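K.L.:
Give me a model of this one.
(chains A, B, C and D)
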2 protein chains.
Amino acid sequence: MAQNKKHEFAADEVVLADIAKALSHPARIAILKEIAKHDTCICGEIVEVLPLAQSTVSQHLKELLGAGVLSGSIDGTKSCYCINWKVFGKFEKTFAEFFSHAKSFETKRNCC
Amino acid sequence: MAQNKKHEFAADEVVLADIAKALSHPARIAILKEIAKHDTCICGEIVEVLPLAQSTVSQHLKELLGAGVLSGSIDGTKSCYCINWKVFGKFEKTFAEFFSHAKSFETKRNCC
DNA sequence: ATCCTTTATCGTAAATATACGATAAAGTAA
DNA sequence: TTACTTTATCGTATATTTACGATAAAGGAT
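P.N.:
This next block holds a predicted model:
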């Protein structure tokens, strides 16, 4: 794009869009589901369950870390990740508020 | 990317990721909020409330149409859009299920 | 010490997304 | 008819994302 106009939008719109972007790739959904399913630090096993190269998985993990929804720690040569439930809950709340606020305007006019 | 591996993931992960992608730009959030706020077909007024060129807004509208969350109709020279509340509700439900299913595994282990 | 394992990062290629101006298409107004 | 309005699409430039292989960095095993 010529330039990024992202920051000419309202802050809450940018926040929601950024959260949505973090969830906008099936690999990142799969990663979150896999880690949540165990609810322990997962150290390494993630690459095996995804149809992607190790470096690509590492990139997706980095994005989820950057969004704050994963926490990481290091255990020897291994890197461990787990869900940051506080942020995860914030994601949920942000979406829920967006949807319920929008729906509060619904009037069943059946316009188009 | 060399190739897109999107379809090597589970169908429900792709569905959620696609919904998230539709919501992953603040312009599209702003469009949905603006149309919802009126809950009538909006014919034309959308361009004025966004800091983007008309052709760019048209692209974002097309994406939301493609995701199914907007319905469109034509009224003379004007194009009108309104929220497809059925699909909007499906989006909400898809997110809500993802979050609540993941949270059902939360055990407060405080691992990392 | 050397070798192996594990994971992040670098370099790179290709796909996709974002944005704009120009133009086309189609209705409305005169 | 001609002129104007409205919106989609085309062409294009640039930014970002996705993906991989190669390599680096750092700990563990021998």
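K.L.:
Remind me what the longest helix seen in chain A packs against, helices and strands.
P.N.:
Selection of the longest helix in chain A by residue count, based on DSSP state H, yields helix A:85-103. Packed against helix A:85-103 by the contact rule (3 or more C-beta pairs under 8 Å, 6 or more residues apart in numbering or on different chains; DSSP states H and E) you find helix A:11-22, helix B:26-38, helix B:85-103. Backbone N, C-alpha and C define where each C-beta goes, glycine included.
K.L.:
now for the helix or strand hosting residue A:81, which elements pack on it?
P.N.:
Element membership for residue A:81, per DSSP states H and E: strand A:78-83. Secondary-structure packing of strand A:78-83 (3+ C-beta pairs under 8 Å, 6+ apart): helix A:26-38, strand A:42-43, helix A:54-67, strand A:70-75.
K.L.:
can you do 7 Å?
P.N.:
helix A:26-38, strand A:42-43, strand A:70-75 (3 or more C-beta pairs under 7 Å, 6 or more residues apart in numbering or on different chains; DSSP states H and E).
K.L.:
is the longest one anywhere near DNA strand C?
P.N.:
No - with C-beta under 7 Å from any atom of the strand as the threshold, helix A:26-38 lies outside contact range of DNA strand C, at a closest distance of 11.5 Å.
K.L.:
for chain A, which spans come out with low pLDDT?
P.N.:
A:1-2, A:110-112 (pLDDT under 70).
K.L.:
Could you pick out the residues of it near DNA strand C for me?
P.N.:
Residues of chain A lying near DNA strand C by C-beta under 7 Å from any atom of the strand: A:1-6, A:43-44, A:47, A:54-55, A:58-59, A:61-62, A:72, A:77-79.
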